[in-house]
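**Student:** next one to model:
(chains A, B and C)
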Amino acid sequence: MRGNRETRIFFSTELLGWYERSKRDLPWRRHRDPYYIWVSEIMLQQTRVDTVIPYFQRFIERFPTIRDLAEAPEEDVLKCWEGLGYYSRARNLQAAARQVMERHGGTVPDNKAEVSALKGVGPYTTGAILSIAFNRPEPAVDGNVMRVLSRYFLIEEDVAKVGTRTLMEELAAELIPEGRASDFNQALMELGALVCTPKSPQCLICPVMARCAGRLEGAEERLPVKSKAKPPRPEYRLAALVEGGGALAGRVLVRRRPDTGLLARMWELPHIPADAVPGEGAGLPDGPAMDRLAAALAAAGVPARPGGALLNAEHTFSHIHWNLRVFRFDAEIPMQAAGGGVSPAAVAETAAAYDAAGGAADSAARLPANAGPAADDTAAEYRWITREDMDNLAFPNVFLRILNGYFGS
DNA sequence: AACACGGGGGA
DNA sequence: TCCCCAGTGTT
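**Tutor:** A predicted model of the protein is given here:
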């Protein structure tokens, strides 16, 4: 055990007192509804409080109960999560809501085995739900907690290591005052968020500075010790903004990503990989680039005429850095079926379907499936959308920016 | 144990 | 602009 008894008692007592005085008024703290706690904890994974607040309020308004969430179309849940990132959190949350309906009659379970069995709920969130919602004496060790504990107890172990988290959990459990798990765990995270910050910690206003070993050692700025993550690998992509003509005038071609992997089931502009040439954008002169993109579009059943480069865009994931060069295209009615593509009649039929449906987003007027091998690495569901359709489809931020710029907002 | 998985904020 | 943040699931 780290620290002597007095040091630990001091820590827990002062921290609880500080929390009572300075805790923030957050939407999920206004009730002790386990569903609210659960949703907030999932949203707070990898995401700061200020970002989460508006999402949480919209989410609870749209899905007030676990049953509402379980019964909603996945598309709606994803749309509610748009912009928040790590979209598997949303899909897992809904899957878990369905688990709770089936296994627990719609009530969040209050024991470790059943909580941790929920999709998207790992060791941290299990502890957060059990302690915050049910006041069970379980540790909830997130990045804030590891930072606070590593400083206060001068723990030099690499917090990126699994074993270090286990050590922190044992320590955090030991520190929970009798009957105060909910407040204590929230206090620990609150201190990490407001005072014991990653950079420039506010030691002078810290309630436990007097006995903080890291501070006394002058080590607070270099703790916690953390091994470096690998830098994201660059990827270069050619994207197409295809404008419809005729019955599809005012519409833009988008497609849905595959069911698994990066940005699963979200919508995007069609794009293809390009070879990297450092310093040259997509690494290809615009002419050949548009030719390759046109060929890929034709193979997907959308013959289109290149209209020049529109803009460059970048997007950084935790592990990939996208460099996109976006080209404008005009869809054209093919004079002959090409590349396993589409007949003029099929294009006319597509347009007619939109006319009949009034262009409704859910008309799902799909292009004929591409029978040949895919010219790129993504899914084959395409849709011609208007600006209004964007209200119902979830896009990653980079495409949201491009489309909003195009539609002029 | 290593990798996949977004987006936002602060220096 | 660059750097940092960091839970869960999959392999």
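
**Student:** tally of neighbours for residue A:88?
**Tutor:** Using other C-beta atoms under 10 Å, residue A:88 has 15 other residues around it. C-beta coordinates here come from the backbone N, C-alpha and C atoms, glycine included.

**Student:** contacting residues for it?
**Tutor:** Neighbouring residues of residue A:88 by C-beta atoms under 8 Å, 6 or more residues apart in numbering: A:120, A:264.

**Student:** give me the pLDDT for it.
**Tutor:** Turning to residue A:88, the model gives it a pLDDT of 94.

**Student:** residues near the residue lying closest to residue A:62 once chain neighbours are set aside, how many?
**Tutor:** Spatially, and ignoring its direct neighbours in sequence, residue A:62 is nearest to residue A:80 (5.6 Å; C-beta to C-beta, 6 or more residues apart in numbering). Neighbourhood size, residue A:80 [other C-beta under 10 Å]: 20.

**Student:** quick one, grab the pLDDT at the residue in the stretch 201-350 of chain A that DNA strand C sits nearest to.
**Tutor:** Using C-beta to the nearest atom of the strand, residue A:229 is the residue of the stretch 201-350 of chain A that sits closest to DNA strand C, at 4.0 Å. pLDDT recorded at residue A:229 is 77.

**Student:** confirm that it sits in a strand.
**Tutor:** No - counting by DSSP: H, G, I helix; E, B strand; the rest coil, one finds residue A:229 to be coil, located in no strand.

**Student:** which residues are in contact with it?
**Tutor:** So residue A:229 contacts residue A:318 (C-beta under 8 Å, 6+ apart).

**Student:** ok, it to residue A:318 distance?
**Tutor:** Note on residue A:229: its distance to residue A:318, by C-beta to C-beta, to the nearest Å, is 8 Å.

**Student:** next: residue A:243.
**Tutor:** Separation of residue A:243 from residue A:318 (C-beta to C-beta): 33 Å.

**Student:** cool, residue A:406 as well?
**Tutor:** Residue A:406 is 27 Å from residue A:318, by C-beta to C-beta.

**Student:** count of neighbours near residue A:261?
**Tutor:** As a measure of burial, residue A:261 has 11 neighbours, counting by other C-beta under 10 Å.

**Student:** give me the phi and psi for it.
**Tutor:** phi 90, psi -160 (degrees, to the nearest 10).

**Student:** then residue A:313?
**Tutor:** According to degrees, to the nearest 10, residue A:313 has phi -140, psi 150.

**Student:** do the same with residue A:314
**Tutor:** Backbone torsions of residue A:314, given as degrees, to the nearest 10, read phi -120, psi 150.

**Student:** I'm done for today, thanks for sticking with me.
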